[in-house]
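S.K.: need a structure here:
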Amino acid sequence: MPTLCADRTMAAAAAPAVSVAYHPARCLQFGRHRRFYVSKQKPIPRLATNYWKFRRATVVSSSSSFMVEQEKENDGSMGAEVLHRFIELNLGNWNGSFYQFDGTGSLLQTVTTRLAASSYGEDELMSLIQTLYIKQPASGYEPDLEWAEYKIKESNMFTVDKYQQIGFFPKEKAFALRYQTAGMLETTLRAGVLGEDDIGEESPKGLKIPSKIPSIVCENCLYSQKSDMRARAFHIMDPHGVLEMLLIFLEKREDGTPISSAPGKLLDDSADRITPFLGEWQGHSLTKRTGVYGATITEADTQVILEMNDGRLIQNITSTSDDGTSSVQWTGSISGNLISFDRGFQMIMLPGGMYMACPEDLSKNVSSSQSFHLEFCWMESSDTRQRLVRTFDTDGLAVSSTYFYETKV
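M.R.: Reported below is the predicted structural model:
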């Protein structure tokens, strides 16, 4: 969201990051009974997109590399502890729904899902194992094959730190991850919408599938402050750096009980998705470097005022930290549920008190050597909201994440 542009310290405080990619998940079909597996091939370098290349592991500078190594030496157990807390936060049986939206906020598909998460190993060798179950539409061919199963690639110390470039806030129960492909999301759509009728067509009729080589796939996850629920939001930017689609898993955990049917519709819609966000919001932000050793970069007090003026949205942002106070104003035009700001940034209003934001065209950021941000906001009640913002450099590397908790005054 444009709110981060008020904080100039974020993009400059980037830790050394790694960009490595693996093959997309493969969908294997054995007769009528499909099972989905993640490719186990070795990591390969990312192929160039139209506007930038995801590079191999690169040290930003010798001084910053030394700083990170010193961090690890001084806090040797920190990585394992953070990993343990991340895995613990994800454990359990999660029942819910998967929602697909286009770039203007229009709902395209809804799929019922279940997620079973467990772990094995200890300390630095601990791993998170997840299996996604996707409710298939009724089929006359296989009436008993109700759920498709997808084995998600396990998460461990290496994958979350290097591949997914985790941004984790244990106390706030929020995290951000990066993915190389949209294989898991594509499988959810194919199995949940087409079911046994899916013959693997590139562009199935009536179904929008993510690009095979997206430029960015980013997950921002926020946990409810009131119940054991969470919202996992995915930005998918196409190979040209333009928003392709938005995806949300809205899930409720049922610990200690067998996986049951998902609850009813959780994502309530409203004809007016903008008005609930208008007014003055005050809160606090916390910015961390990417990775399991990511240290806090900046903390700040924030004030955001949103108001309408002649049919346009005016947003005034003030951020106060130890480095001083900065302010910025944004003006946006409104078209349905899409707000386009005058600095090439857009906010897509979604049902359930949510919005997601991103640049209109990442190539413009890349060509001008500017970092960029992807944001997810969840207003769970009329007077409180959480926001999670992921900051990327011009090579598409996630360098930091910022968590906001704000209340309406």
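S.K.: could you use CA atoms for every contact and neighbour count after this?
M.R.: OK.
S.K.: list phi and psi for the residue lying closest to D361 once chain neighbours are set aside.
M.R.: Spatial nearest neighbour of D361, chain neighbours left out: V242 (5.1 Å); criterion: Cα to Cα, 6 or more residues apart in numbering. Dihedral angles of V242 (phi, psi; degrees, to the nearest 10) stand at phi -110, psi 140.
S.K.: ok, V242 to M157 distance?
M.R.: V242 sits 31 Å away from M157, going by Cα to Cα, to the nearest Å.
S.K.: partners of Y133 in the sheet?
M.R.: R114, E149 (DSSP bridges).
S.K.: can I assume it is in contact with E149?
M.R.: Yes: if you go by Cα atoms under 8 Å, Y133 and E149 touch, sitting 4.7 Å apart.
S.K.: apart from its chain neighbours, what residue comes closest to the most centrally placed residue in the chain?
M.R.: Centroid-nearest residue in the chain, with Cα atoms, centre = their mean: E219, separated by 1.6 Å. Excluding its sequence neighbours, the residue lying closest to E219 (Cα to Cα, 6+ apart) is F234, at 4.5 Å.
S.K.: any idea which helix or strand comes after the strand or helix carrying that neighbour?
M.R.: Here F234 sits within strand 229-237, counting by DSSP states H and E. Following strand 229-237 in sequence order, the next helix or strand is strand 243-253 (DSSP H and E).
S.K.: adjacent strands (with direction) for whichever helix or strand comes after that following strand?
M.R.: Downstream of strand 243-253, the first helix or strand assigned by DSSP H and E is strand 279-289. Strand 279-289 has its sheet partners listed here by DSSP bridges as strand 296-309 (antiparallel), strand 398-408 (antiparallel).
S.K.: would you map the strands across the stretch 301-409 of the chain?
M.R.: For the stretch 301-409 of the chain, the strands defined by DSSP state E, counting those that start in this stretch cover 312-321, 324-335, 338-341, 345-350, 354-359, 372-381, 384-392, 398-408.
S.K.: got those strands as a markdown table, with mean neighbour count and mean pLDDT columns?
M.R.: Formatted as a markdown table, the strands of the stretch 301-409 of the chain follow (neighbours: other Cα atoms under 10 Å; pLDDT from 0 to 100):
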| stretch | mean neighbour count | mean pLDDT |
| --- | --- | --- |
| strand 312-321 | 20 | 96 |
| strand 324-335 | 15 | 96 |
| strand 338-341 | 21 | 97 |
| strand 345-350 | 24 | 97 |
| strand 354-359 | 24 | 97 |
| strand 372-381 | 22 | 96 |
| strand 384-392 | 23 | 97 |
| strand 398-408 | 25 | 96 |
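S.K.: distance check, the closest residue to W281 other than its chain neighbours against W330.
M.R.: Spatial nearest neighbour of W281, excluding adjacent residues (Cα to Cα, 6+ apart): K408 at 4.4 Å. As for K408, its distance to W330 is 19 Å (criterion: Cα to Cα).
S.K.: any idea whether G206 is helix, strand or coil?
M.R.: At G206, secondary structure determined by DSSP: H, G, I helix; E, B strand; the rest coil is coil.
S.K.: run a quick neighbour tally on it.
M.R.: By the criterion of other Cα atoms under 10 Å, G206 has 10 neighbours.
S.K.: may I have the phi/psi pair for it?
M.R.: G206 has phi and psi values of phi 80, psi 10 when expressed as degrees, to the nearest 10.
S.K.: related to what we said a few turns ago, does the residue nearest to W281 touch Q282 like I think?
M.R.: Yes: when contacts are counted by Cα under 8 Å, K408 is listed as touching Q282 (6.4 Å).
S.K.: in which helix or strand does L128 reside?
M.R.: Going by DSSP H and E, L128 is in strand 127-135.
S.K.: same question for Q165.
M.R.: Applying DSSP H and E, one finds Q165 in no helix or strand.
S.K.: again, but for L189
M.R.: Using DSSP H and E, L189 falls within helix 183-189.
S.K.: distance from that helix to the middle of the chain?
M.R.: 15 Å (Cα atoms, centre = their mean, to the nearest Å).
S.K.: which strands and helices sit next to that helix?
M.R.: Under the contact criterion of 3 or more Cα pairs under 8 Å, 6 or more residues apart in numbering; DSSP states H and E, helix 183-189 touches strand 107-120, strand 147-155.
S.K.: helix or strand right after that helix?
M.R.: Counting by DSSP H and E, what follows helix 183-189 is strand 216-223.
S.K.: pLDDT value on Q180, please?
M.R.: Per-residue pLDDT puts Q180 at 88.
S.K.: quick check on it: phi, psi?
M.R.: According to degrees, to the nearest 10, Q180 has phi -90, psi -30.
S.K.: next, count neighbours for it.
M.R.: Considering only other Cα under 10 Å, Q180 is surrounded by 22 other residues.
S.K.: okay, how far is it across stretch 175-194, tip to tip?
M.R.: Stretch 175-194 has an end-to-end distance of 31 Å (Cα to Cα).
S.K.: which of the residues in stretch 219-236 are buried?
M.R.: 219-224, 229-236 (16 or more other Cα atoms under 10 Å).
S.K.: give the rounded mean pLDDT of that stretch.
M.R.: For stretch 219-236, the per-residue pLDDT averages 96.
S.K.: and the contacts of that stretch?
M.R.: Contacting residues not belonging to stretch 219-236 are listed as 173-179, 182, 210, 214-218, 243-253, 374-376, 378, 380, 386-390 [Cα atoms under 8 Å, 6 or more residues apart in numbering].
S.K.: any idea how far it is from the chain center?
M.R.: Counting by Cα atoms, centre = their mean, stretch 219-236 comes out at 9 Å from the chain centroid.
S.K.: can I get the CA coordinates of that stretch in CSV?
M.R.: Taking Å, rounded to 0.1, in the frame of the first residue of the first chain, the C-alpha atoms of stretch 219-236 are listed here in CSV:
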residue,chain,number,x,y,z
GLU,A,219,1.8,-14.9,0.4
ASN,A,220,0.8,-12.6,3.3
CYS,A,221,-0.8,-14.3,6.2
LEU,A,222,-2.6,-12.6,9.1
TYR,A,223,-4.2,-14.4,12.1
SER,A,224,-7.4,-13.4,13.7
GLN,A,225,-7.1,-11.4,17.0
LYS,A,226,-10.4,-12.9,18.2
SER,A,227,-10.5,-16.5,17.1
ASP,A,228,-8.4,-19.3,15.8
MET,A,229,-8.8,-18.2,12.2
ARG,A,230,-6.4,-16.9,9.6
ALA,A,231,-6.4,-15.3,6.1
ARG,A,232,-3.7,-16.2,3.6
ALA,A,233,-3.6,-13.8,0.7
PHE,A,234,-1.6,-14.3,-2.5
HIS,A,235,-0.6,-11.7,-5.0
ILE,A,236,0.2,-13.2,-8.5
